[in-house]
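Trainee: Just a sequence and a predicted model for now, questions to come.
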Amino acid sequence: MFLIDWEPPKFNRNVNNVNPSSNTDIQLSSRSQSLGKYNMINDNLEARPKKELRSSLPPSSISNQMEDTGISVWRIIYVANEWNEIQTYRKTSCLITIACVLILMQVIGLENLASSDAKSNVVLNSYEYQSPQSRIFRIALILSIFSVIGIIQWLFSITLWERCFSDKLRSFADLCSVANVSVFLFAQSNFGYYIHGHSPTGRSDVDLGGITQMLSIENEGIAPKRGITPDSNDHTYRMALPSGLRQTFNRLYTPLLNLTLNTDKYGKHASPQAITNEVYHNINRYLKRFISRDDPDGLRYRIVRRKAFEDILDGEFDDTTFEGLFYIDDGNSFGDTLYYGNEWLLFTFDALLFCLVDLLSQNLILSAFFVILIGSIFTLLRDDLGRRNTARKTLIDERFLI
């Protein structure tokens, strides 16, 4: 995972590093130029050499010459924190599911239907013989109730709640566009998800009045659309990437794998923070060039739609050895890396764990307690490990992630 910052620098205090603008700079500024007289953005991006993806500073001077471009880092920190908040968001609620199961089974008395008798009633008659319950019938009844409650919650979530009240994943994608920050996710070595957060107005690091004016310009249709291409609003994609991109990404990230050795390489005055900052800018610059189709290694990609057969099998079959493919995503497929996209697995785990504990104890309250306890532990672990992973991959200090 990497957060791409599209914000152009406001100024550059490092006067020792002045180079002509690259082709990427020209392409990035074209979005703002299309605003005409409403353009309030200076798109003179930071001068960067195109030939190499290395620091223009000598290694020994990295720690004592830091470029101050006037760009606030809080936009990236805010996006990273919002990402952490949606990592454990689910379509169904475990507490609601368990509560409904207990009410239906014990309060209403549906557990009495699991009797071994051919004739069974919800309400027991104390004057009649009561045969022991069948474990198979009891498990089947619990799973049936779980399934019905889960389907109702799932339908309510996707048909009503997300459409009329709150769609957290779509809101996150919109936030990225407002913050001028893109999210580049590697789910596998050469496959991932991309949220194109390049602001249509070209800049987001402004005051309240500037943000209000930018949103007004976008609402009026004056600004370009949010997609990679100015005429498209599609800004979430699946990515099938060429292996060369991942190799270059790993090479740029390598200096962080052993900061001790690389501190010696960059000089005794180079701090780990300076090396981290240099690696971040190198990766950020490289991914911006790739998205802007200005990759120095000649890597390219096409924006396409999945074929019907690929949608059915949930796979991509085109060769991406030399050219990547960005598949237009009509939903929020990046949720597959979160709890949200794995709801079926999580719901099945809760149901089977409930049945297992009930099979051993014949106690619904104890089963509910264990399911909630184990689910809470997994959620806490996912939150903690996810926060650490976000800090490590986005190169943001973990102290800023709350």
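Mentor: Yep, that arrived.

Trainee: Could you list the buried residues of stretch 296-312?
Mentor: 296, 299, 301, 306 (16 or more other C-beta atoms under 10 Å). Yep, even glycine has a C-beta here, placed from its N, CA and C like the rest.

Trainee: Tell me how this protein divides into domains.
Mentor: With domains defined by automatic domain parsing, the chain comprises 2-72+172-331, 94-165+344-382.

Trainee: possible to save these as a markdown table with distance to E85 and mean pLDDT?
Mentor: Shown next, in a markdown table, are the domains of the chain (distance: least, C-beta to C-beta, whole Å; pLDDT from 0 to 100):
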| stretch | distance to E85 | mean pLDDT |
| --- | --- | --- |
| domain 2-72+172-331 | 9 | 75 |
| domain 94-165+344-382 | 12 | 88 |
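
Trainee: mind putting those in CSV, distance to T394 included?
Mentor: Putting the domains of the chain into CSV (distance: least, C-beta to C-beta, whole Å) gives the following:
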stretch, distance to T394
domain 2-72+172-331, 5
domain 94-165+344-382, 17
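
Trainee: now, of these, which is deepest in the fold?
Mentor: The highest average neighbour count among the domains of the chain, using mean count of other C-beta atoms under 10 Å, belongs to domain 2-72+172-331 at a mean of 17.

Trainee: by contact count, what packs against the helix or strand harbouring R251?
Mentor: Assigned by DSSP states H and E, R251 falls within helix 243-253. Applying 3 or more C-beta pairs under 8 Å, 6 or more residues apart in numbering; DSSP states H and E, one finds that helix 243-253 makes contact with helix 272-291.

Trainee: Report the separation between Q362 and G324.
Mentor: According to C-beta to C-beta, to the nearest Å, Q362 and G324 sit 56 Å apart.

Trainee: next helix or strand past the helix or strand containing I136?
Mentor: Assigned by DSSP H and E, I136 belongs to helix 135-156. Toward the C-terminus, helix 135-156 is succeeded by helix 162-164 as the next helix or strand (DSSP H and E).

Trainee: so how far is that following helix from its chain's centroid?
Mentor: For helix 162-164, the distance from its own C-alpha centre to the chain's C-alpha centre is 20 Å (C-alpha atoms, centre = their mean, to the nearest Å).

Trainee: Between helix 272-291 and the longest helix anywhere in the chain, find me the angle.
Mentor: The longest helix of the chain (DSSP state H) is helix 364-394. On the basis of axes from the mean of the first three to the mean of the last three C-alpha atoms, to 10 degrees, helix 364-394 is oriented at 90 degrees to helix 272-291.

Trainee: re the thing from before, kindly export the helix holding I136 (C-alpha atoms) in PDB.
Mentor: Extracted in PDB, the C-alpha atoms of helix 135-156 (Å, rounded to 0.1, in the frame of the first residue of the first chain):
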ATOM      1  CA  ARG A 135     -28.000 -32.300  17.800                       C
ATOM      2  CA  ILE A 136     -28.200 -32.400  14.100                       C
ATOM      3  CA  PHE A 137     -31.600 -30.700  14.000                       C
ATOM      4  CA  ARG A 138     -30.400 -28.100  16.600                       C
ATOM      5  CA  ILE A 139     -27.300 -27.200  14.400                       C
ATOM      6  CA  ALA A 140     -29.500 -27.100  11.300                       C
ATOM      7  CA  LEU A 141     -31.900 -24.800  13.000                       C
ATOM      8  CA  ILE A 142     -29.200 -22.500  14.300                       C
ATOM      9  CA  LEU A 143     -27.500 -22.300  10.900                       C
ATOM     10  CA  SER A 144     -30.900 -21.600   9.200                       C
ATOM     11  CA  ILE A 145     -31.600 -18.700  11.600                       C
ATOM     12  CA  PHE A 146     -28.100 -17.400  11.100                       C
ATOM     13  CA  SER A 147     -28.500 -17.500   7.300                       C
ATOM     14  CA  VAL A 148     -31.900 -15.700   7.300                       C
ATOM     15  CA  ILE A 149     -30.700 -12.900   9.700                       C
ATOM     16  CA  GLY A 150     -27.500 -12.500   7.700                       C
ATOM     17  CA  ILE A 151     -29.300 -12.200   4.400                       C
ATOM     18  CA  ILE A 152     -31.700  -9.700   5.800                       C
ATOM     19  CA  GLN A 153     -28.800  -7.600   7.100                       C
ATOM     20  CA  TRP A 154     -26.900  -7.900   3.900                       C
ATOM     21  CA  LEU A 155     -29.900  -6.800   1.800                       C
ATOM     22  CA  PHE A 156     -30.700  -3.900   4.100                       C
END
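
Trainee: now it: how far from the chain's centre is it?
Mentor: 30 Å.

Trainee: contacts for it?
Mentor: 91-93, 96-97, 100-101, 104-105, 110-111, 113-116, 343, 347, 350-351, 354-355, 358-359 (C-beta atoms under 8 Å, 6 or more residues apart in numbering).

Trainee: JSON lines for the buried residues of stretch 296-312, including distance to L401?
Mentor: As requested, the buried residues of stretch 296-312 are exported to JSON lines (distance: C-beta to C-beta, whole Å):
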{"residue": "P296", "distance to L401": "32"}
{"residue": "L299", "distance to L401": "31"}
{"residue": "Y301", "distance to L401": "31"}
{"residue": "R306", "distance to L401": "34"}
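
Trainee: biggest separation within the residues you listed, which pair?
Mentor: P296 and R306 (29.5 Å; C-beta to C-beta).

Trainee: What are the boundaries of the helices in the chain?
Mentor: Using DSSP H, helices in the chain cover 23-33, 74-86, 94-102, 135-156, 162-164, 168-179, 208-219, 243-253, 259-266, 272-291, 308-313, 343-361, 364-394.

Trainee: With distance to Q188 as added columns, please give these in CSV.
Mentor: CSV is the format used below for those (distance: least, C-beta to C-beta, whole Å):
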stretch, distance to Q188
helix 23-33, 27
helix 74-86, 19
helix 94-102, 29
helix 135-156, 27
helix 162-164, 27
helix 168-179, 20
helix 208-219, 34
helix 243-253, 10
helix 259-266, 27
helix 272-291, 17
helix 308-313, 16
helix 343-361, 18
helix 364-394, 15
